[in-house]
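[1] Below are the sequence and a predicted model; questions follow.
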Amino acid sequence: MKEGAHVSAVTGGEPLLALEHIRKSFPGAGKGDAAVKVLDGVTLQVGSGEFVAILGPSGSGKTTLFRLIGGLLQPDSGAIRLGGEDIAGQRGRIGYMPQQPSLLPWRNVLDNVLMAAEIAGISRKEAEPKAREWLVRAGLGGCESAYPHELSGGMQQRASFVRALLGPQQLLCLDEPFGALDAMTRLEMQLWLGSLWQESGRAVLLVTHSIDEALLLADRVYVLSAKPATVLEEVKVPWPHPRSEANMAEPQFVRLRQQLYDVLRKAKEVPQR
Ligand SMILES: Nc1ncnc2c1ncn2[C@@H]1O[C@H](COP(=O)(O)OP(=O)(O)OP(=O)(O)O)[C@@H](O)[C@H]1O
């Protein structure tokens, strides 16, 4: 498969997640206003253990897509399958990490990360050793008893990712998880996420505004058009994992960055219907 070329989705076997021709509109704001068409036939896949990124202009419907995958919204038409099963409208089938860490301020770090297991009905006895082990891997060993306000933004996001990892879901949806961090912390966190994802064996679907973030982390990148969104481009990222800052200096990286930038610039030019 040619790097940077259009690719035809996941190769080999059934994808873990398959979105097929998803359409979604919202009612207009005022009485008599036309419906707002947000997604216009979005088709994409995520394979088991794969890291996939979605890039798109602001307001193109990326968060709406996650709300559909997470069962908070129903599509107007199209199918959402997880492991071949129709999951439209079903909650709790995916792990989710929002832009803000959303840790509960009255729970310490350990109790916060144990929440996903708690919700999934996994006993504390079973979940706690794994939680402690992942906190150490996340560089949060020694912080188990700390409360969220005692941690930096980056540390809170790490705890939030560990919480998502401790749930039983095979697919983790990350909605611009590093958008609120400064550039240095962000790069550190991206490299950290890349290595932890590899160890976890989970599939990740990441929404981001950053081309570099998508190229540094993902196996494949989808680019959405402006609303009503369709998939404009699907690009395979050629480097093996783990990746590093050095990848960003490679001519291939620079070429792919330009390619995605050009598609995104065109994406913004799509007239709004
Ligand atoms: N419940 C709703 N009712 C009406 N319109 C909505 C609703 N939810 C989202 N929208 C509209 O759908 C469009 C897409 O919103 P969404 O938040 O999914 O985009 P996004 O790509 O995640 O944006 P950003 O990149 O800025 O976070 C926006 O125009 C938004 O106003």
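    All right, it came through fine.

[2] Now do the contacts for residue 49.
    Applying CB atoms under 8 Å, 6 or more residues apart in numbering, we find residue 49 in contact with 201, 202, 203. C-beta here means a position set from N, CA and C on the backbone, and glycine is covered the same way.

[3] same check, this time on residue 215
    So residue 215 contacts 221, 237, 247, 248, 253, 256, 257, 260 (CB under 8 Å, 6+ apart).

[4] repeat for residue 114
    Counted by CB under 8 Å, 6+ apart, residue 114 has contacts 124, 127, 128, 131, 163, 166.

[5] Check the most far-flung residue of the chain relative to its centre and give its pLDDT.
    The centre of the chain is farthest from one residue, residue 32, which by CA atoms, centre = their mean lies 35.5 Å away. With respect to pLDDT, residue 32 scores 81.

[6] For it, give its distance to the ligand.
    15 Å (CB to the nearest ligand atom, to the nearest Å).

[7] Could you grab the helix/strand/coil label for that residue?
    coil (DSSP: H, G, I helix; E, B strand; the rest coil).

[8] Could you do residue 239 as well?
    coil.

[9] gap between the residue in the stretch 151-273 of the chain positioned nearest to the ligand and residue 53?
    With CB to the nearest ligand atom, the shortest gap between the stretch 151-273 of the chain and the ligand falls at residue 227, namely 5.4 Å. To residue 53, residue 227 is 19 Å away according to CB to CB, to the nearest Å.

[10] mind listing the strands for the chain?
    17-26, 36-46, 51-55, 77-82, 85-86, 95-97, 171-175, 203-208, 220-224, 231-236 (DSSP state E).

[11] just to revisit the earlier point, so between residue 227 and residue 53, which is more surrounded?
    residue 53 (26 against 21; other CB atoms under 10 Å).

[12] And that one, how close does it get to the ligand?
    Taking CB to the nearest ligand atom, one finds residue 53 at 13 Å from the ligand.

[13] now swap in residue 117 and tell me
    Residue 117 is 28 Å from the ligand, by CB to the nearest ligand atom.

[14] residues touching that residue, list them.
    124, 126, 127, 131, 166, 167.

[15] What pLDDT is listed against residue 116?
    Reported pLDDT for residue 116: 82.

[16] Which pLDDT value does the model give the closest residue to it other than its chain neighbours?
    For residue 116, ignoring the flanking residues on the chain, the nearest one in space by CB to CB, 6 or more residues apart in numbering is residue 167 at 3.6 Å. The model reports residue 167 with a pLDDT of 84.

[17] what does residue 234 give?
    95.

[18] what's the burial count for it?
    Residue 234: 18 surrounding residues under other CB under 10 Å.

[19] swap in residue 65?
    If you count neighbours by other CB under 10 Å, residue 65 ends up with 29.
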